[in-house]
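Novice: below is the sequence, then the predicted model.
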Amino acid sequence: MEQRLNPFKSSPQGYQAMSNLQQFVDSAGLERPLLELVKMRASQINGCAYCLDMHSKDARALGETEQRLYLLNGWRESPQYTERERAALEWTEAVTLVSESHVEDDVFDRVKNHFTPEELANLTLAIVAINGWNRLSIAFRLIPGSYKSPLEPRKACA
């Protein structure tokens with residue numbers, strides 16, 4: 001597979017707009033580990049290898065366990081996730097797959113019990129952002145593997 005083009009170099013202003021949304025989402029007060037699970041789950045649904053590579057590295061750098069990352073695709077059958085995480089993952093699936101169910105009322109009713117209105121709006125913006133990144137990465141065939149997480153602690157020089 002070969003990368004088609006670098007959309008971020010081709011449209012620096014577009015990249016900046018996406019980055020601004022991502023910076024807002026990352027600083028909006030939701031737990032970073034929760035956001036990484038959301039990014040991973042949306043990327044699994046969309047089949048975005050580049051984003052799966054990136055967010056698995058970021059999640060591990062934040063202390064996420066391998067087991068929870070491996071089980072993420074089957075989160076409903078695993079006791080590894082909190083109720084809040086389950087709500088976020090259910091919301092992620094509903095919003096990512098919006099064309100299938102238009103985000104049913106019963107899903108909203110379950111999820112709103114775990115997030116304030118502001119948190120739920122910000123969680124939805126996080127899902128919008130990762131779906132946008134997924135679509136850019138997939139459309140232009142960004143190559144996974146080279147990403148280094150800025151969240152990983154730096155190794156001391158000998």
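Specialist: That came in fine, so what should we check first? Residues are numbered from 1 along each chain as shown.
Novice: now the helix or strand containing residue 9: buried residues?
Specialist: Using DSSP states H and E, residue 9 sits in helix 7-10. Going by neighbour count (16 or more other CB atoms under 10 Å), the buried part of helix 7-10 is residue 7. Quick note: C-beta positions are derived from backbone N, CA and C, even for glycine.
Novice: if we look at that helix, which residues are touching it?
Specialist: 14, 15, 136, 139, 140 (CB atoms under 8 Å, 6 or more residues apart in numbering).
Novice: one more pass at 7 Å, please.
Specialist: Residues outside helix 7-10 that contact it (CB atoms under 7 Å, 6 or more residues apart in numbering) are 15, 136, 140.
Novice: check contacts around the first one.
Specialist: Contacts of residue 15 were listed using CB under 7 Å, 6+ apart, and they are residue 8.
Novice: tell me how far it lies from residue 125.
Specialist: Going from residue 15 to residue 125 by CB to CB, to the nearest Å gives 18 Å.
Novice: now the second one
Specialist: Going from residue 136 to residue 125 by CB to CB gives 17 Å.
Novice: more neighbours: which of those two?
Specialist: residue 136 (19 against 16; other CB atoms under 10 Å).
Novice: before we move on, the earlier item: wait, which of the contacts of helix 7-10 is closest to residue 148?
Specialist: Closest to residue 148 out of these is residue 15 (18.8 Å), distances taken as CB to CB.
Novice: helix or strand for that closest one, which one?
Specialist: helix 12-26.
Novice: report the buried residues of that helix.
Specialist: Those would be 18, 21, 22, 25, for helix 12-26 by 16+ other CB under 10 Å.
Novice: swap in stretch 121-134?
Specialist: Buried, per 16+ other CB under 10 Å, within stretch 121-134: 122, 123, 124, 125, 126, 127, 129, 130, 131, 133, 134.
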